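Trainee: Fold the following for me, if possible:
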Amino acid sequence: MTVHTGAPPGQVRAGGLDLDALRPWLSRHLPGFESARGALQATRVLGGQSNPTWILRAGPGGPGCTWVLRAKPGPAAGLLPSAHAIEREFAVMRALADTDVPVPAVHALCEDESVLGAAFYVMDFVEGRIFREAALPGVSTGERAAIHDEANRVIVALHRADWRALGLGDFGRADAYFERMIGRWSRQYRASATRPIEAMERLIDWLPQHIPAEAREAAATLVHGDFRIENLIFHPSEPRVLAVLDWELSTLGHPLSDFAYHCMAWHHRPGVLQGFAGLDLAALGIPGERAYIERYCARTGRSSPQALAEVLRDWNFYLACNLFRLSAILQGIARRAEDGTAANPSAVAIGAMATPVAELGWSLAQAAAPR
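Mentor: Residues are numbered from 1 along each chain as shown. From the prediction side, this is the model:
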């Protein structure tokens, strides 16, 4: 779920919050709220798949008078274990506040569900551009290249962040990342499955047997879990990231898995999942996947021929693992759409992608490493 100014028609609608209950809580916990001295307004931002989000305005509604409230879905949503973890979002953004990873300033977390019926937190509203399509239509070729390079730079900054020094030592386990990831999403897939997917069953068997040796030995880093262009707010006129959003899936894990998730745009076609597979990337100014991997490796100290060869050798495993996880997430969206609790009006179409995504993952699992 992402928030930005100038939302297209139909992206923002009013309502849904009990402002009479919220106002006194904000007065006690949100710095600057009382000085805004104006009627509190809330508009619901549509889109995203999980945590409902509102823009809050008080006073004139300008800088310092506009915030974002992000909440768990209500009790009727039937949450899966560990889903919609807004407490983790709050914790990681607070920890990253003074690092090279740009995040919105977070102000207050409310875990008392009696206030609004669900836990929530409040953060700054960041004014800038969000690109809903990874191919960046309407952007010049030169800026398109710069935007993708900036995304590459920011994910490197995240993977280089010292999570121990940031006080995130209890943010997740630092061992057996893939074993735990595969087990977790196998369980969540089966808990939310609306129908069996053969490719998912094959991946559930195949992935644990093909975890690369390097992946078992690598040091854990902070990982975002959903790092893609749509979850970045860019400066209004520069190819510069002002904020990384949607930290719900963040944890300690393997950086190449996180980076491979980011690189799935090279494998998804334009449409529901907003990729650019099949497009003329050179004409668009978008780097090829191999060049993008090499840029990441150069920035993370993996630029030697041997280090790069090791990354490429295991690349399809990382992609297949992420496509497996994505399919499980899409199954959850399909279930919420079926149950009538989905946050996004396009949830049916998005959830229907679970099968083709799993099939792509299984196909890559059987394919040769990229050259």
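Trainee: what's the span of stretch 125-133 from first residue to last?
Mentor: With CA to CA, to the nearest Å applied, stretch 125-133 spans 22 Å between its terminal residues.
Trainee: for stretch 109-129, same thing?
Mentor: 26 Å.
Trainee: tell me the mean pLDDT over that stretch?
Mentor: Here stretch 109-129 scores 95 as its mean pLDDT.
Trainee: before we move on, what about stretch 24-31?
Mentor: Stretch 24-31 comes out at a mean pLDDT of 94.
Trainee: Restrict that stretch to CA atoms and write it as PDB.
Mentor: Extracted C-alpha coordinates of stretch 24-31, given in PDB (Å, rounded to 0.1, in the frame of the first residue of the first chain):
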ATOM      1  CA  PRO A  24      -8.200  12.500  21.500                       C
ATOM      2  CA  TRP A  25      -5.600   9.700  20.900                       C
ATOM      3  CA  LEU A  26      -3.800  11.900  18.400                       C
ATOM      4  CA  SER A  27      -3.800  14.800  20.800                       C
ATOM      5  CA  ARG A  28      -2.000  12.700  23.400                       C
ATOM      6  CA  HIS A  29       0.500  10.900  21.100                       C
ATOM      7  CA  LEU A  30       1.100  12.900  17.800                       C
ATOM      8  CA  PRO A  31       3.500  15.800  18.200                       C
END
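Trainee: Contacts only, for the spatially most central residue of the chain.
Mentor: In the chain, the centroid-proximal residue (CA atoms, centre = their mean) is residue 226; its distance is 2.6 Å. Residue 226 makes contact with 246, 248-249, 261, according to CB atoms under 8 Å, 6 or more residues apart in numbering. (Glycine included, C-beta is placed from N, CA and C.)
Trainee: Next: residue 142.
Mentor: Per CB under 8 Å, 6+ apart, neighbours of residue 142: residue 285.
Trainee: Now do the same for it: helix, strand or coil?
Mentor: Following DSSP: H, G, I helix; E, B strand; the rest coil, we place residue 142 in the helix state.
Trainee: Quick check: pLDDT value at it.
Mentor: 96.
Trainee: Report the two members of the contacts of residue 226 separated by the largest distance.
Mentor: 248 and 261 (13.5 Å; CB to CB).
Trainee: list residues touching both of those two?
Mentor: Contacts common to residue 248 and residue 261, judged by CB under 8 Å, 6+ apart, are 225-226.
Trainee: With that, I have no additional questions.
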